[in-house]
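In: pasting the structure only:
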């Protein structure tokens, strides 16, 4: 009988020694900001708040350490490689009643085109807006024309039309909230959203 009890004790000890371990690492957001992660067990809690700081968790939480890039690549390289690219957004502005972007916005076009071309599998939304000056129906049409003009500019720059979609919000989604009939330059815009 004693050999069986000893064998059971050894198996239990072996299982306890091989308790599942979870590694929690805090990595920066796509824009470089570092937030916080609270790691907790029924008996312990720790706040990760520094870039690449990590803990190992079983039934308790290990002391915090910093993970080097090599180890990060070995452990999480495959997962990090398949993360989708973060959306990119650009704003082009327009003069009152104009359907072509202003000069400063046109200067951004080569960089926007390059961003789209460098994207792995881009989907491009082109969203037209207007300020509240004038009639709402006219503002909707104007925002649609602005978005259409930007689409044409992107096509002329070599972007395929089948990856682009056009939307128009007229004066219903202002960047700067205003009352009716207000001419606001920042509301006369087209947003190019790349996903």
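Out: Alright, I've got the coordinates. Only a predicted model underlies this, so the values are computations on that prediction, with no experimental measurement involved.

In: Give me the secondary structure label for the residue nearest the centre of the chain.
Out: The centre of the chain sits closest to residue 86, judged by C-alpha atoms, centre = their mean, with a distance of 3.7 Å. Put simply, residue 86 is coil when judged by DSSP: H, G, I helix; E, B strand; the rest coil.

In: For it, give me its contacts.
Out: Going by C-beta atoms under 8 Å, 6 or more residues apart in numbering, residue 86 touches 30-31. Glycine gets a C-beta too; all of them are placed from N, C-alpha and C.

In: domain assignment for the chain?
Out: Following automatic domain parsing, one gets these domains for the chain: 19-81, 88-194.

In: residue ranges for the strands of this structure, please.
Out: 22-25, 37-40, 45-48, 53-57, 65-66, 88-93, 124-128, 164-168, 189-194 (DSSP state E).

In: Check what pLDDT residue 123 gets.
Out: At residue 123, the predicted lDDT confidence score is 97.

In: Pretty sure it sits against residue 163.
Out: Yes - the criterion here is C-beta atoms under 8 Å, and residue 123 meets it with residue 163 at 5.8 Å.

In: now the longest helix anywhere in the chain and strand 164-168, what's the angle there?
Out: Longest helix in the chain by number of residues (criterion: DSSP state H): helix 136-156. With axes from the mean of the first three to the mean of the last three C-alpha atoms, to 10 degrees defining the directions, helix 136-156 sits at 160 degrees from strand 164-168.

In: what residues does helix 136-156 touch?
Out: 92, 94, 97-101, 109, 112-113, 116, 124, 126-133, 161, 164, 166-171, 188, 190, 192.

In: 7 Å instead?
Out: 92, 94, 97, 99-101, 109, 113, 126-130, 161, 164, 166-171, 190, 192 (C-beta atoms under 7 Å, 6 or more residues apart in numbering).

In: same question, stretch 100-112
Out: For stretch 100-112, using C-beta under 7 Å, 6+ apart, the contacting residues are 90, 92-95, 149-150, 153, 157, 192.

In: which among the residues you listed end up buried?
Out: 90, 92-94, 149-150, 153, 192 (16 or more other C-beta atoms under 10 Å).

In: I'd like these as CSV, with pLDDT appended.
Out: Shown next, in CSV, are the buried ones among the contacts of stretch 100-112 (pLDDT from 0 to 100):
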residue, pLDDT
90, 98
92, 98
93, 98
94, 98
149, 98
150, 98
153, 98
192, 98
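
In: which one of those residues sits closest to residue 24?
Out: residue 90 (35.5 Å; C-beta to C-beta).

In: For the closest one, list the residues it contacts.
Out: Counted by C-beta under 7 Å, 6+ apart, residue 90 has contacts 108, 112, 192.

In: Buried ones among the contacts of helix 136-156?
Out: Buried among the contacts of helix 136-156 (16+ other C-beta under 10 Å): 92, 94, 99-101, 109, 113, 126-130, 164, 166-171, 190, 192.
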